[in-house]
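1. task: produce atomic coordinates for the following.
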Amino acid sequence: MKIIKGFTLIELLVVIAIISCFTAILFPVFAQAKLAAKKTTDVSNEKQIGLGALMYAGDFDDQFPRNDYRVPTRQSWAPITYAEAEGPYIKNGVENVTWVMKTAGQTGPVATTAIWDSPTQPQNTRYGYATNGAIFPSGQYWNFDGGANPYKDQTGDGTATGNPAVPSMSQTQLPHPATTLMLVTIGIVVPWGAANPYMQSDVYWWAGASANIKGAIPPAAWDSDNAQTPDWSGSLTGVGPYDSLPRFRFAGPSLNETFADGHVHTRTKGALGWCSDMFVAGSYADSYAGGAPWDDSWTFFPGNVCAGYSQ
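-> As a prediction, this is how the structure comes out:
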């Protein structure tokens, strides 16, 4: 009769220990590979969005679309954005839905799926990507954050006032399109299921509000997807206005950024700044600047946050 020898308890424990060691080694590798795959998808998304913006500009006198504006027939929290404006050129991820409209049964376009969602943003959220207001000016920002200004063209529900809309920027107006930021990922307010529809693109918040951080590089604590209400007090240790500023979700930490000429690049946290990447002379990014110019050129004067940087 043949005797079959089984594992001893010691041998079984050794095998389990070996498997545990392999698991501890391989799982982080799998996680890194998964994040790398998401980064590649993110690059593809941003590349398509950037090319869509260039195609849009080609049909509209070289002007980029506005980042957002309200429409009287739509809910105030669901403005038309650059994404819907680019939809006909990209034909990906824009759906006609009823929940953005005020009248039952009516439908309107909204970009909520496919390339309009960053693969690393929390699930079931909107506005994962945000644009540079210097070249994609925000209608909402100019209508509700700037007090009395010549570009207050809408009331709170989107009704026209008769004033001209804040003008978009032409690609040919940009002195450095290959180094001017167009699009990045943005922080998400998880309970709201969304970010701010537009990114804060004037120097004040990038420089830490009254902190006046050199280079206008947002405080590290303001980079998050968070359940807390965004903090607009200016505290450098709080969560800050994270729903209106870039979000670094990849290793480094880093993010992918799309430039105004359409190419995509990876930038590490601390290297992305308003002075070097966001400012565009003659742009309409800051409704609080008052008078003319409206472009915060003063920040490059000696003693200010962009002193030493080239315009």
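2. what's the local residue count around the residue nearest to Val189 when sequence neighbours are not counted?
-> The shortest distance from Val189 to any non-neighbouring residue, by C-beta to C-beta, 6 or more residues apart in numbering, is to Asp243 (4.8 Å). The way it works is simple: take the backbone N, C-alpha and C, and place the C-beta from them, glycine included. The number of residues packed near Asp243 is 26, by other C-beta atoms under 10 Å.
3. A helix includes Asp243, no?
-> Yes - Asp243 sits within a helix when classified using DSSP: H, G, I helix; E, B strand; the rest coil.
4. ok, it - contacts?
-> Contacts of Asp243 were listed using C-beta atoms under 8 Å, 6 or more residues apart in numbering, and they are 186-189, 192, 194-196, 230.
5. same list (those) but as a markdown table, adding distance to Asp157.
-> Below are the contacts of Asp243 laid out as a markdown table (distance: C-beta to C-beta, whole Å):
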| residue | distance to Asp157 |
| --- | --- |
| Ile186 | 25 |
| Gly187 | 27 |
| Ile188 | 26 |
| Val189 | 23 |
| Trp192 | 20 |
| Ala194 | 19 |
| Ala195 | 22 |
| Asn196 | 19 |
| Pro230 | 24 |
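6. where do the helices sit along the stretch 51-200 of the chain?
-> Secondary structure of the stretch 51-200 of the chain by DSSP state H, counting those that start in this stretch: the helices cover 82-90, 139-144.
7. which one, of those helices, ends up nearest to Pro119?
-> The minimum distance between Pro119 and the helices of the stretch 51-200 of the chain falls on helix 82-90, with 16.2 Å, by C-beta to C-beta.
8. hmm, who's touching the closest one?
-> Taking C-beta under 8 Å, 6+ apart as the criterion, the residues outside helix 82-90 that touch it are 48-49, 52-53, 55-56, 64-68, 93-94, 109-111, 115-116, 129, 131, 136.
9. cool, stretch 260-271 as well?
-> Around stretch 260-271, the neighbours that count as contacts under C-beta under 8 Å, 6+ apart are 39, 43, 46-47, 50-51, 53-54, 64, 132, 135, 171, 174, 177-178, 180-182, 217, 220, 223, 248, 250, 252-259.
10. still on that earlier bit, worst average pLDDT in the helices of the stretch 51-200 of the chain?
-> When these are ranked by mean pLDDT, helix 139-144 comes last with a mean of 84.
11. returning to that earlier point: export the helices of the stretch 51-200 of the chain to a markdown table and append columns for mean neighbour count and distance to Trp298.
-> A markdown table is the format used below for the helices of the stretch 51-200 of the chain (neighbours: other C-beta atoms under 10 Å; distance: least, C-beta to C-beta, whole Å):
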| stretch | mean neighbour count | distance to Trp298 |
| --- | --- | --- |
| helix 82-90 | 21 | 28 |
| helix 139-144 | 22 | 20 |
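12. chain center to stretch 65-76, what's the gap?
-> In terms of C-alpha atoms, centre = their mean, to the nearest Å, the gap separating the centre of stretch 65-76 from the centre of its chain is 18 Å.
13. how long is it end to end?
-> 19 Å (C-alpha to C-alpha, to the nearest Å).
14. of the contacts of Asp243, just say which sits nearest to Gly156.
-> The shortest approach to Gly156 among these belongs to Asn196, at 16.6 Å (C-beta to C-beta).
15. distance of the residue lying closest to Asn124 once chain neighbours are set aside relative to Asp225?
-> Setting aside the residues directly before and after it, Asn124 is nearest to Gly193 in space (C-beta to C-beta, 6+ apart), at 5.9 Å. In this structure, Gly193 and Asp225 are 11 Å apart, going by C-beta to C-beta, to the nearest Å.
16. now do the contacts for the spatially most central residue of the chain.
-> Nearest to the mean C-alpha position of the chain, by C-alpha atoms, centre = their mean, lies Ala130 at 2.8 Å. Applying C-beta under 8 Å, 6+ apart to Ala130 gives the contacts 67, 183-186, 195-199, 244, 246.
17. which of these tops the neighbour count?
-> Neighbour counts for these (other C-beta under 10 Å) peak at Met199, which has 30 neighbours.
18. bridged to the residue nearest to that residue when sequence neighbours are not counted, which residues?
-> Excluding its sequence neighbours, the residue lying closest to Met199 (C-beta to C-beta, 6+ apart) is Ala130, at 3.7 Å. Under DSSP bridges, the beta-bridge partners of Ala130 are Val184.
19. for Ala130, give its distance to Ser118.
-> Relative to Ser118, Ala130 is positioned 10 Å away (criterion: C-beta to C-beta).
20. any idea how far Tyr56 is from the residue lying closest to Ala114 once chain neighbours are set aside?
-> With sequence-adjacent residues excluded and distances taken as C-beta to C-beta, 6+ apart, Ala114 is closest to Gly93, at 3.1 Å. According to C-beta to C-beta, Gly93 and Tyr56 sit 15 Å apart.
21. again, but for Phe136
-> Noted for Phe136: a distance of 10 Å to Tyr56, by C-beta to C-beta.
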